[in-house]
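*Asks:* Please work out how this folds:
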Amino acid sequence: MSVKIRLKRLGKIRAPYYRIVVADSRTKRDGRVIEEIGLYHPTENPSIIEVKSERAQYWLSVGAQPTPQVEAILKLTGDWGKFKGDKDAVSTVKVKEPKVPFVADEKKKPVLKPKAEKPAVKEEAPAETEAAPAVEEEQA
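*Replies:* Prediction:
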């Protein structure tokens, strides 16, 4: 049985993303897998690449053959160089910059106008309830 490290396609039409998986070479592309060892989102800018390095090293050491696409990803993450014996292998994956939280200017006026408070309408019902006990006292 030969084992391959390959991409399993997920997502919608024209919006693919992939899982990097270890599978038997005879299974379908999106079929049963032995283990999932990473993610690859090519449509993001920059592409998101996450690989469990220790698991990738293990599967390469026991003879799993990566497909050309996965081999290119492993070269970017530095795992292929580590497998080949290059101790100085470094990841060259670009990391997305964190978003800066929005801070509104305090000098400028707010866009929305404050709502005018409506005067409260006095209810007549409480006055009637006070009059009712007075009537009962007169009858007693």
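*Asks:* ok, which stretches of the chain are strands?
*Replies:* According to DSSP state E, the chain carries its strands in the segments 3-12, 15-24, 35-41, 48-51, 65-66.
*Asks:* what about the ones you listed, which gets the closest to Thr92?
*Replies:* strand 48-51 (10.1 Å; C-beta to C-beta). For every residue, glycine as well, the C-beta is placed using N, CA and C.
*Asks:* which residues are contacting that closest one?
*Replies:* Residues outside strand 48-51 that contact it (C-beta atoms under 8 Å, 6 or more residues apart in numbering) are 20, 37-41, 73-74, 76-77, 79, 93, 96.
*Asks:* cool, stretch 21-38 as well?
*Replies:* With C-beta under 8 Å, 6+ apart, stretch 21-38 has contacts from 1-10, 19-20, 49-52, 55-56, 59, 64-65, 73.
*Asks:* try 7 Å this time
*Replies:* 1-6, 8-9, 19-20, 50-52, 55-56, 59, 64 (C-beta atoms under 7 Å, 6 or more residues apart in numbering).
*Asks:* Tell me which residues touch Pro16, please.
*Replies:* Counted by C-beta under 7 Å, 6+ apart, Pro16 has contacts Arg9, Pro42.
*Asks:* Run through the bridge partners of it.
*Replies:* Gly11 (DSSP bridges).
*Asks:* where does it land on pLDDT?
*Replies:* Note for Pro16: predicted pLDDT of 94.
*Asks:* Where does pLDDT dip in the chain?
*Replies:* For the chain, applying pLDDT under 70 flags the ranges 1, 109-111, 113-114, 123-140.
*Asks:* about what we covered before: go ahead and build a PyMOL selection from the buried members of the contacts of strand 48-51.
*Replies:* Burial among these is assessed by 16 or more other C-beta atoms under 10 Å; the matching PyMOL selection reads:
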select buried, resi 20+37+38+40+41+73+74+76+77+79
